[in-house]
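A.B. asks: What follows is a predicted protein model with its sequence.
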Amino acid sequence: MSHSMHTHTCGELREANIGEEVTLTGWVWHRRDHGGLIFVDLRDRTGVTQLEFDPEVCDEATFHEAETIRSEWPILVSGIVRERPEGQDNDKLATGAIEVYVTQIKVLNTSKTPPFQIEDHVDTAEDLRLRYRYLDLRRPKMTQSLKLRSDFTFALREAFHGSDFMEVETPSLFKSTPEGARDFLVPSRMQPGHFYALPQSPQLLKELLMVGGVERYYQIAKCFRDEDLRKDRQPEFTQVDVEMSFVTQDDVMGALEQVFAEAFGKMGVEMQLPLRRIGYWDAMDTYGIDKPDTRYGMTLHDVTSIFSASKFKLFATAAATEGQYVKAINAKGAGRWPRARVDRLADVAAEFGAKGLAYIAFREDGSVTSPIVKFFSDEEMAALRTEMDVEPGDLVMFAAADRLRADEILGGMRCHMAGELDVPREGHDFLWVVNFPLFHWDEDRKCLDSEHQPFTQPNEDELGLLDTDPLAMGSHTMDFVMDGYEAGGGGMRVHDAKLQERILEKLGFTPERARAQFGFLMSALEFGAPPMGGFALGLDRVCMLLAGADNIREVMAFPKTASGSDLMSAAPSEVTGTQLKEVSLRLL
C-alpha cells in the first residue's frame, strides 16, 4: 500500500515489472533530446529510472511538456515499464534493464538553475556546498551517507535493546562542569546572572543513572564543545553513550563487543571477536600512537643498544642517559626519493616535536645518503640493517628523546609516510587500547591533568602511587580504535567518594571547588554507588569511516564550517537588544 503520490520509487523497478503501469515522482536529473524522442533520468533518494517520451505513445501536450522541463524540476509521471532495446542496457544502474514509456506528466514545480551541478564527482568548493546544503543533499553520495548513518544507528539501537540496555534521555541544559573543553553557555532568563551549559557529554548524568539503579543504560546523545575545530571535530556531535553497573571492565568490553559485532555485521562489516587488546605503552612503543592503524607495518624499533658506544654524540648521549631512547622506523620505498624531498621531512618531524630528523637513505644502487652515516662503524650499520630489515630503496628515520616524545615523533612520521607512500590499507581494523595512564603532566599549567577524565578508576594495585608517583599509575580505561581513529573511549569509574576527592585534589581542585562543581556527584557516591563502567562511541566518526569519507561533515546533514559557522542560515548571528535584555546581558 503506497502512502505516496507514486506507486514505485526510482530505484526499484526491474525486469519483473515489465508490462506494469506505474507512477513515479522525483527530480529531473538529465534530459536528452534525441530528435523526435526525449529521454529523462528521473532521480529520487533510492536511485534513477530512465523515462522515454515518444510522440507515438504519449499525446502532443505530454510531449510538449517534456520539451520544456529542465534539471531539478520535480515531476510526476505515469507510464508503462518496458525492456530497454537490445544493446542499450546500462549495467551501472540497478534499473538499467528497463525504462518507462511515459503516457502522462505533471510538473510539480520549477527550479532555478542550481549554483552547482547535482552530481557525485563535481569539484565544488565546500563553502558553496554548505551554503546550499539542501541541494548538496540531493547528490546520490550524500543521500547514501545519510542512509548509512540511519541504518547503522538503528542497528546499534536494536543491538543495545536486544542486550537489555535501557535508552534514557539526559538533559541538554545542565550545569557547567569542566571536562576538558570549553562549555557552550546558555543564559537563564528566570535566574538573571545564572547560566546553564550544554553538556560536553552525559558523563556525570550516566553515573547518576547507575547510582539510580538503571544498571544498563545507553543513549544516542548530542554533545557540545566550544573548541577549535579540526577535520573530524564539530561544535556539536553525536555519541553513543553507554554505562553499566555491577560489572568489571571485562564485562563492559564483552557486552560492547557483542553489540558492535551485531551492528557492524548489519552493515556488511565482519568483526572477529574477541577484539585484540593492546596496552597503552605497547601501542605507543610499537606504533607511536595510542590509536594505531595496524593494517600496515612500519613499526617503531628501539635501537638504543646498537648505538651505546657510538661516535655519533646525539645517539651515544641518549643511550647513556636514564629514560632516553634512540628509536627508528623504516619507510620502505622512500629511500628512492630525491635528497631535497627527504630533507623536507625535517619540517614534518618538527610538527611532532622533533628538533630535526636524523635519517639514512639506502639507495637502489647500494649507496647510502645521510648526513650522519659518517659517524657510524661498520658493526653499527650491520646491526641496524638487521634490526630494521633494510633493503635497497628504504629510508630509516630516527628519534632520540625520552620515551613518550620519541614514540610521538616516529608515530607522527609513520602516519605521514603511510600517506605519502600510498601504503595500502584494506578492509577495517578494530582493536582496543587499554590501561592508559591515569594522569599526564600539563606543561602549560604546570600541573597534573587527567588522561581520560577525572572520574576514571585507577588500577587498584597502584593506589599507593597516588601520593608518591602519580604519573606512574595506570587505569581501568579502554579506547576502541577503528582504522587508526579513536572511535570511542571509556573505562571504569571511581565509585568511592573519598577516592574521588583525593583524585580531584591531585588535579588541583580545592575541596570547596570540587564540592561547588561536582557536589551532586560526590554526594551521590555516598549513597551506595555500585561499581560501574561505560563507554562513548563517536557516531559521526564511525559513520565517516564506514562511508569511506575523509571528513565527518560528509555524514552530517547540516554541519558547521571550521570556524563554527552555519553558512546556510548564517548562524551564529547577532540578536536584538530586547533579547539580550531579557536574559540580563549587555555586550562589551
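C.D. replies: Yes, it's here.
A.B. asks: CA only for contacts and neighbour counts going forward, please
C.D. replies: Will do.
A.B. asks: how many other residues sit next to residue 113?
C.D. replies: 11 (other Cα atoms under 10 Å).
A.B. asks: Please read the previous query as pertaining to residue 512.
C.D. replies: 10.
A.B. asks: Could you do the one 4 residues further on as well?
C.D. replies: The tally of other residues near residue 516 (other Cα under 10 Å) stands at 11.
A.B. asks: so it, which of the three states?
C.D. replies: helix (DSSP: H, G, I helix; E, B strand; the rest coil).
A.B. asks: So for it, what pLDDT did the model give?
C.D. replies: At residue 516, the model reports a pLDDT of 87.
A.B. asks: what about it, distance to residue 563?
C.D. replies: Distance of residue 516 to residue 563, computed by Cα to Cα, to the nearest Å: 32 Å.
A.B. asks: Check residue 103 too.
C.D. replies: 51 Å.
A.B. asks: for this structure, what's the longest strand?
C.D. replies: The longest strand of the chain (DSSP state E) is strand 21-34.
A.B. asks: ok, residues contacting it?
C.D. replies: 5-10, 38-44, 69-81, 118 (Cα atoms under 8 Å, 6 or more residues apart in numbering).
A.B. asks: Parallel or antiparallel, list what pairs with the helix or strand following that strand.
C.D. replies: Where DSSP states H and E defines the elements, the next helix or strand beyond strand 21-34 is strand 37-44. Strand 37-44 sits in its sheet next to strand 21-34 (antiparallel), strand 47-53 (antiparallel), going by DSSP bridges.
A.B. asks: give the contact list for residue 280.
C.D. replies: Residue 280 touches 290, 433-437, counting by Cα under 8 Å, 6+ apart.
A.B. asks: any idea what sits nearest it, other than its immediate chain neighbours?
C.D. replies: residue 436 (5.2 Å; Cα to Cα, 6 or more residues apart in numbering).
A.B. asks: Tell me the spacing between that neighbour and residue 452.
C.D. replies: 8 Å.
A.B. asks: shared neighbours, those two?
C.D. replies: residue 477.
A.B. asks: Show the pLDDT at residue 2.
C.D. replies: Looking at residue 2, its pLDDT is 64.
A.B. asks: How about residue 358?
C.D. replies: Note on residue 358: pLDDT of 95.
A.B. asks: Can you report phi and psi for it?
C.D. replies: Per-residue torsions, residue 358: phi -80, psi 140 (degrees, to the nearest 10).
A.B. asks: For it, name its beta-bridge partners.
C.D. replies: residue 398.
A.B. asks: ok, now the one 4 residues further on?
C.D. replies: Under DSSP bridges, the beta-bridge partners of residue 362 are residue 368.
A.B. asks: Would you check that it makes contact with residue 373?
C.D. replies: No - look at residue 362 against residue 373 with Cα atoms under 8 Å: they stay out of range, at 10.8 Å.
A.B. asks: which one of those two has more residues nearby?
C.D. replies: The neighbour comparison of residue 362 against residue 373 (other Cα under 10 Å) goes to residue 362, with 24 against 16.
A.B. asks: For that one, give its distance to residue 386.
C.D. replies: 13 Å.
A.B. asks: With residue 404 instead?
C.D. replies: Residue 404 is 25 Å from residue 386, where distance means Cα to Cα.
A.B. asks: Residue 51 now?
C.D. replies: In terms of Cα to Cα, residue 51 sits 66 Å off from residue 386.
A.B. asks: okay, those two: which has more neighbours?
C.D. replies: residue 51 (24 against 11).
A.B. asks: The more buried one: what's it in contact with?
C.D. replies: By Cα under 8 Å, 6+ apart, the residues touching residue 51 are 39-42, 99-102.
A.B. asks: Show the pLDDT at it.
C.D. replies: Residue 51 is given a pLDDT of 98.
A.B. asks: Give the residue spans of the stretch 1-150 of the chain that score low on pLDDT.
C.D. replies: Along the stretch 1-150 of the chain, segments meeting pLDDT under 70 span 1-2.
A.B. asks: can you check the chain too?
C.D. replies: 1-2, 178-180, 231.
A.B. asks: ok, longest helix in it?
C.D. replies: Ranked by residue count, the top helix of the chain under DSSP state H comes out as helix 140-162.
A.B. asks: list the helices and strands that helix packs on?
C.D. replies: When contacts are defined as 3 or more Cα pairs under 8 Å, 6 or more residues apart in numbering; DSSP states H and E, helix 140-162 packs onto helix 249-266, helix 539-547.
A.B. asks: for residue 295, what are its contacts?
C.D. replies: Contacts of residue 295 (Cα under 8 Å, 6+ apart): 425-426, 429, 483.
A.B. asks: Validate this expectation: it resides in a helix.
C.D. replies: No - per three-state DSSP, residue 295 lies outside any helix segment and is coil.
A.B. asks: Against residue 481, how distant is it?
C.D. replies: Between residue 295 and residue 481 the computed distance is 12 Å (Cα to Cα).
A.B. asks: Do a quick rundown of the helices in the stretch 51-200 of the chain.
C.D. replies: 60-68, 126-131, 133-136, 140-162 (DSSP state H, counting those that start in this stretch).
A.B. asks: Out of those helices, the one nearest residue 113 is which?
C.D. replies: helix 133-136 (11.1 Å; Cα to Cα).
A.B. asks: Packing partners of the closest one?
C.D. replies: helix 126-131.
A.B. asks: elements contacting the helix it packs on?
C.D. replies: Packing partners of helix 126-131 (3+ Cα pairs under 8 Å, 6+ apart): helix 133-136.
A.B. asks: now do 6 Å
C.D. replies: Where contact means 3 or more Cα pairs under 6 Å, 6 or more residues apart in numbering; DSSP states H and E, helix 126-131 is not packed against any helix or strand.
A.B. asks: In it, which residues are buried?
C.D. replies: Neighbour-count burial for helix 126-131, counted by 16 or more other Cα atoms under 10 Å, picks out 129-131.
A.B. asks: try stretch 226-239
C.D. replies: 226-227, 233-239.
A.B. asks: can I get those residues in TSV with distance to residue 186 and secondary structure?
C.D. replies: What follows is the buried residues of stretch 226-239, written out as TSV (distance: Cα to Cα, whole Å; DSSP: H, G, I helix; E, B strand; the rest coil):
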residue	distance to residue 186	secondary structure
226	12	coil
227	16	coil
233	21	coil
234	19	coil
235	15	coil
236	15	strand
237	18	strand
238	20	strand
239	21	strand
